[in-house]
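**Student:** the sequence isn't on hand, but the structure is:
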């Protein structure tokens, strides 16, 4: 997601101050056959769990997101990554629902990842951290939800990689999920999506400062990570939104500089995004999370995509949202998901929202998403008989 | 353009063996106000100039192309970059026309560029080479065409950056050009196109081996150049062609490797393309040529795009070709060119060819391009009364 999106948001989030919490687990078995032990999961909650524990919704973050979905951390001037969607009266209404969001395993924002210390050696894991998958991320979240004493989730919801986790959740734990909201996502990474990730990874792996992943006590591979982030940013915006946002405007000059300093505003924007990212994100985590994205294929272990939804209870509900200008996860990929769901006779609402914001639209298009999600959750809660 | 395109082409080119020739010039004035002195231009020719010198066509290459458009160099097993289009009976019929193709200034394939020795210092230019523009490239080609004793060009033709040069030619030297064939190109780089180029440049500039551009006597910044090339390659292919070509097929393994070696074929392809490129291309040239692309705006010096075509003779003819799956230079950009040409009452044929090959289609879609270009050139030659 884009860093600029919440810049300058001066109005305080109605969610108010929040704190990240932590849960410890002994061991997590992984798809690779290895295991992660121990495991700490960073998470936040917003709103209150009702008496019968039936109003819990799990929010799932994207590649560069974290557990901090809404509200403010003490001292911060920017709210969580989905604050426009989470709060009193918002799409994920904290007056009605209990929201949970956790940082994925392999992350660098509180949950155990490659930057964590391996208790066996006392050293940072680095590349000795096991490769993790989207199903592994979801398996960890299942442990967290169990720990919180929540027997069923009213919904699992997320955009981009968060949408993949939502789809994985409902197919891996069908008896635990009433509904699934998958936004701007895919059921499997296409070769083009893999290719963009691979170039980002190569930029990190070929940075001399990467040092085989053991850079935690020295200079980090910021150049490689910044390049990876810049590539990502191009894919998050649309051609149209870049025309609107930058055009061919020059930066701090009236005419071409005829040199290799920044000429265009879009260059300056990318450079800034790359630099800001290196201050808050770990290069090894970038490697691990993009690999998990590339490995993601909802059909894995099911045979086909249609079969992935075969064991779901008939009352499971789906909301699938795509954005017209999203060329990173184009609408055709969401439609493939919808066809597979409907192929099992399940209830699925699909909408392609017209937006110029590209992939980032899931972080920006508050109004239309709010309308859709509010109604979808109301119906889901009503059918389940959710109490106050 | 993609290296793989001509791989395995075992049939010898009908153009046969060709040799690159060189022309020396004292000085070339540049848009920056600086000048290049002296200048050597590498060029090739195919076919024969007719008695009245009226059958000459200038072919213009793309970012990574060169003067070697067709035929074979002694010892090579691959023909020139547009061999499918240039030869006896082909679109650019060497039995009828005299074809010229030269390497652009700033290049690294024979024409003076940053890797050349600066006669003033005896050292490689490196980043002391002046920044060049597409109009500068065209100004150099004009000197070459004059040197060859050709008063008028029957056509200027090229794809991608070659298409930009073709448009620049016809607007800069309207009295010298009968017709213009611009393929898979744009009248100005959009912010998204600038952004992709800038990330490639940053990958080179941040490679420690780049050394401010003075790497010619030591290790070259191959890592950065390879990253830049990989990014480029993604933009040259379409989502559909990558599905077709790679899908999610694994490379040399049956199941996920759960490590950071290559898993997918598309990763291996990109890595190969990056490596091959570093063996034949200079990183500094990549910086200079992409900068020229980003600076390109046909309206520069004219006011508007429509006004750029205002001074053209009424009989000037245009053929504009775009490809349906080209998302690097999307058809809408070609349509903007067509509207501006037609806004001046000029003759312009436009076709969007349906193709899954993405931007690379201009190097691959021989049949439809041949049909269009053959007819277009025949009419142009007929109107001009071109003799044998």
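**Tutor:** Great, that's in hand. Only a predicted model underlies this, so the values are computations on that prediction, with no experimental measurement involved. Numbers count the residues shown, from 1 in each chain, chains lettered A, B, ... in the order given.

**Student:** ignoring the adjacent residues along the chain, who's closest to residue A:299?
**Tutor:** Of all residues not flanking residue A:299 in the chain, residue A:305 sits nearest, at 4.7 Å (CB to CB, 6 or more residues apart in numbering or on different chains). Every C-beta, even on glycine, is put in place using the N, C-alpha and C of the backbone.

**Student:** residue A:235 too?
**Tutor:** Spatial nearest neighbour of residue A:235, excluding adjacent residues (CB to CB, 6+ apart): residue A:328 at 4.3 Å.

**Student:** using the three-state scheme, assign the one you found.
**Tutor:** Three-state assignment for residue A:328 (DSSP: H, G, I helix; E, B strand; the rest coil): coil.

**Student:** quick one: residues contacting it.
**Tutor:** Contact partners of residue A:328, counting by CB atoms under 8 Å, 6 or more residues apart in numbering or on different chains, are A:193, A:196, A:235-236, A:358-359.

**Student:** ok, now residue A:43?
**Tutor:** Residue A:43 touches A:20-23, A:67, A:100-103, A:144, counting by CB under 8 Å, 6+ apart.

**Student:** residue A:49 now?
**Tutor:** With contact set as CB under 8 Å, 6+ apart, residue A:49 has these partners: A:55-56, A:98, A:148, A:150.

**Student:** who does residue A:250 form a beta bridge with?
**Tutor:** For residue A:250, the beta-bridge partners are residue A:264 (DSSP bridges).

**Student:** mean confidence score for the helix or strand containing residue A:289?
**Tutor:** Per DSSP states H and E, residue A:289 falls inside helix A:283-295. Model confidence over helix A:283-295 averages 98 on the pLDDT scale.

**Student:** name the helices or strands packed onto it?
**Tutor:** If you count contacts as 3 or more CB pairs under 8 Å, 6 or more residues apart in numbering or on different chains; DSSP states H and E, helix A:283-295 packs onto helix A:134-147, helix A:161-172, helix A:191-205, helix A:222-236.

**Student:** number of nearby residues for residue A:245?
**Tutor:** Neighbourhood size, residue A:245 [other CB atoms under 10 Å in any protein chain shown]: 17.

**Student:** may I have the phi/psi pair for the most centrally placed residue in chain A?
**Tutor:** Nearest to the geometric centre of chain A sits residue A:62, at 1.4 Å (CA atoms, centre = their mean). Main-chain torsions, residue A:62, degrees, to the nearest 10: phi -90, psi -180.

**Student:** excluding its backbone neighbours, what's nearest it?
**Tutor:** In this structure, residue A:62 finds its nearest non-sequential neighbour in residue A:160, 3.9 Å apart by CB to CB, 6+ apart.

**Student:** so what's that neighbour up against?
**Tutor:** Counting by CB under 8 Å, 6+ apart, residue A:160 touches A:1, A:62-63, A:183-185, A:329, A:359, A:362.

**Student:** same question, residue A:195
**Tutor:** When contacts are taken as CB under 8 Å, 6+ apart, residue A:195 is in contact with B:230, B:233-234, B:242, B:266-267, B:270.

**Student:** can we see that at 6 Å?
**Tutor:** The contact partners of residue A:195, by CB atoms under 6 Å, 6 or more residues apart in numbering or on different chains, come to B:234, B:266, B:270.

**Student:** make a ChimeraX selection of the buried ones in these.
**Tutor:** Paste this into ChimeraX to select the buried members of the contacts of residue A:195, with burial taken from 16 or more other CB atoms under 10 Å in any protein chain shown:
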select /B:234,266,270
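
**Student:** so which of the contacts of residue A:195 are also by chain A?
**Tutor:** B:234, B:266, B:270 (CB under 6 Å from any CB of the partner chain).

**Student:** before we move on, the earlier item: determine which two of the contacts of residue A:49 are furthest apart.
**Tutor:** A:55 and A:148 (12.6 Å; CB to CB).

**Student:** more neighbours, these two?
**Tutor:** Neighbours were counted for residue A:55 and for residue A:148 using other CB under 10 Å; residue A:55 has more, 25 against 17.
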